[in-house]
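Colleague: model the following, please.
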Amino acid sequence: MSQRRRPLVLAIASLLAVVACSPATTNAPSASPAASSSEEPSPPPVALNVGLGFIPSVQFAPFYLAKQAGYYEDAGLDVTFQNKIDPDLVPLVGEGRALDLGLADGTSVIPAVSQGIPIKYIATIYGRFPSVVFAKASSGIAAAKDLKGKKLGIPGRYGSSWIMLQALLRSAGLTPADLDIVEYPDFGQGAAVTQGAVDAATGFANNEPVQLRLTGVAVNVLTVDSIVPLPGNGLIAGTSTIDAKGDSLAAFVAATLRAMEDIRENPEVGLDAAIKEVPDLAAARDTQAAILDATIEVWSGPAQEAHGLGAIEPADWQKSVDYLTSLDMVPKPVTVDDLVDTGLLPGG
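Modeller: Predicted structure coming up:
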C-alpha cells in the first residue's frame, strides 16, 4: 500500500470503530409526524339521550350551557335532549332504550320503583322541593291553616303537587275535604289566582309566584320542606344503563354540576344559553331572568349547602318513603338503596 493511501485507510477504520461503539439509533422512536399518526385514535363519543321537562325552559339552563360550552363533548359525550312529561319519561328511562337519563322528583321515583320500574336517582338538581302553594298576600293566606275553607286551584289530584298539598294540609290538621278544590287540567291555575277565580293554587317556586310578583302583586308561598323533606327533581337512570354506561353517566353528572356552578356564579351565562336554545325566551328576557334566579335558589337545600350541588341525603329519602307509604303510594316495600345511587356523583 502506498504511503499516501495509508493515512486515509486508517482514518476510515477509526471512524468505523467509533460508529460501531456508539449506541444504536436506527430503532429510536421518531418524532416525525408520520410516527405520531400511528397513535391510537380517540374513541367515538358515547351517545346519551336525556329527557327534560315537558316544555323547553330557562329552568334547564345548566343542561343547555353544558352542551354549548363543550363540557359534555370534553367528557366524551354526544348528548341529545328530549322533552317529556314524568309519566312518559320515567318508564322510558327504566327501559334504557329511548332515554338514558331523565329528570324526575322523588314522588315519582318512589312509587315507580315500588311498582318494579328499574330506575335510580343519581344526582339532585333541586335541593328544595319546587312544588308549592301560593296566594296573593291580600288573600290572608300566610300558613297552611289559613287554607281551610278557601278555594284552591290545582291541575288534578295526582302527581307531586297533589302529594305536596296533602303534606301541607296534614301539618295543619286539615284534609283536602276542608278546601274547595278546583281542577285546572290545562294548568291554568296560576292565571286563576291572578284573576281572583281562586284564593290560592299549587305551582312551582320558580314559576307562577315569580311571574305574579313581576306584576307588582305581593305573594305568599307555602312550602313543605320543613314538614317532610320530599326529594326535588334530580337525574334518574335505568339500572341497566348504570351497569352499561356508568362512567359516561358520571361524566354527564359532573359536567352538568359544573354548568350549575357557572350559572350560580354568573346567571347571565345561563340565561344566554337558554335563549340560544329557545330563542322565543328573548321576548321576555327580564321575566326569564327572574325565573332563573328563583331556579338557582331551589338548587340548594341543606344537603347541598353542606356537601355541594348534586348531593343526595339518604335520610330524607327514608322520610319520603315513610310519608308516601302513609298515602298508600308504595304498593311494595322499597329501601333507600333501591332508590338512589350516590356512586355517580363526583367523589362518589
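Colleague: now for residue 282, how many residues are close by?
Modeller: Residues lying near residue 282 (other C-beta atoms under 10 Å) number 13. Yep, even glycine has a C-beta here, placed from its N, CA and C like the rest.
Colleague: measure the nearest residue to it once chain neighbours are set aside to residue 283 for me?
Modeller: Nearest non-adjacent residue to residue 282, counting by C-beta to C-beta, 6 or more residues apart in numbering: residue 275, 4.8 Å away. Separation of residue 275 from residue 283 (C-beta to C-beta, to the nearest Å): 10 Å.
Colleague: more neighbours, those two?
Modeller: More crowded of residue 275 and residue 283, by other C-beta under 10 Å: residue 275, with 18 against 9.
Colleague: which strand or helix spans that one?
Modeller: Element membership of residue 275, judged by DSSP states H and E, is helix 267-277.
Colleague: and the helix or strand following that helix, C-alpha only, in CSV?
Modeller: Using DSSP H and E, the helix or strand that follows helix 267-277 in sequence is helix 285-298. Output of helix 285-298 as CSV, limited to C-alpha atoms (Å, rounded to 0.1, in the frame of the first residue of the first chain):
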residue,chain,number,x,y,z
ARG,A,285,-85.8,38.4,29.0
ASP,A,286,-86.5,40.1,32.3
THR,A,287,-89.1,37.5,33.2
GLN,A,288,-86.8,34.7,32.2
ALA,A,289,-84.0,36.2,34.3
ALA,A,290,-86.3,36.3,37.3
ILE,A,291,-87.4,32.7,36.8
LEU,A,292,-83.7,31.6,36.5
ASP,A,293,-82.8,33.5,39.7
ALA,A,294,-85.6,31.6,41.5
THR,A,295,-84.4,28.3,40.0
ILE,A,296,-80.9,28.9,41.3
GLU,A,297,-82.4,29.3,44.8
VAL,A,298,-84.0,25.9,44.8
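Colleague: quick one: average pLDDT of the following helix or strand past helix 285-298?
Modeller: Following helix 285-298 in sequence order, the next helix or strand is helix 302-307 (DSSP H and E). Averaged across helix 302-307, pLDDT comes to 96.
Colleague: for helix 302-307, packing partners?
Modeller: The contact analysis (3 or more C-beta pairs under 8 Å, 6 or more residues apart in numbering; DSSP states H and E) places helix 302-307 against no helix or strand.
Colleague: re earlier: just checking, what packs against the helix holding residue 275?
Modeller: Using 3+ C-beta pairs under 8 Å, 6+ apart, helix 267-277 sits against helix 61-68, helix 239-265, helix 285-298.
Colleague: coming back round to it: okay, the residue nearest to residue 282: pLDDT?
Modeller: 98.
Colleague: list residues touching both of residue 275 and residue 283?
Modeller: Common neighbours of residue 275 and residue 283 are not found (criterion: C-beta atoms under 8 Å, 6 or more residues apart in numbering).
Colleague: quick check: domain ranges of this structure?
Modeller: 46-128+231-344, 131-222 (automatic domain parsing).
Colleague: dump the ones you listed to TSV, plus distance to residue 40.
Modeller: Listed next are those as TSV, based on distance: least, C-beta to C-beta, whole Å:
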stretch	distance to residue 40
domain 46-128+231-344	14
domain 131-222	46
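Colleague: returning to that earlier point: which of the helices and strands packed on helix 267-277 is buried the deepest?
Modeller: Of all those, helix 61-68 carries the top mean neighbour count, a mean of 24, counting by mean count of other C-beta atoms under 10 Å.
Colleague: just the angle for it relative to helix 239-265, thanks.
Modeller: 100 degrees (axes from the mean of the first three to the mean of the last three C-alpha atoms, to 10 degrees).
Colleague: elements contacting helix 61-68?
Modeller: Under the contact definition 3+ C-beta pairs under 8 Å, 6+ apart, helix 61-68 sits against helix 71-74, strand 77-83, helix 239-265, helix 267-277.
Colleague: switch to 10 Å and redo it
Modeller: strand 46-52, helix 71-74, strand 77-83, helix 239-265, helix 267-277, helix 285-298 (3 or more C-beta pairs under 10 Å, 6 or more residues apart in numbering; DSSP states H and E).
Colleague: just the CA atoms of that helix, as CSV, please.
Modeller: Taking C-alpha atoms only, helix 61-68 is exported to CSV below (Å, rounded to 0.1, in the frame of the first residue of the first chain):
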residue,chain,number,x,y,z
ALA,A,61,-80.2,26.3,31.5
PRO,A,62,-77.4,24.1,33.1
PHE,A,63,-78.0,21.4,30.5
TYR,A,64,-78.1,23.9,27.7
LEU,A,65,-74.9,25.6,28.9
ALA,A,66,-73.0,22.3,29.5
LYS,A,67,-73.7,21.3,25.9
GLN,A,68,-73.0,24.7,24.3
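Colleague: I'd like the mean pLDDT over that helix, please.
Modeller: Mean predicted confidence for helix 61-68 is 98.
Colleague: likewise for stretch 158-177?
Modeller: 96.
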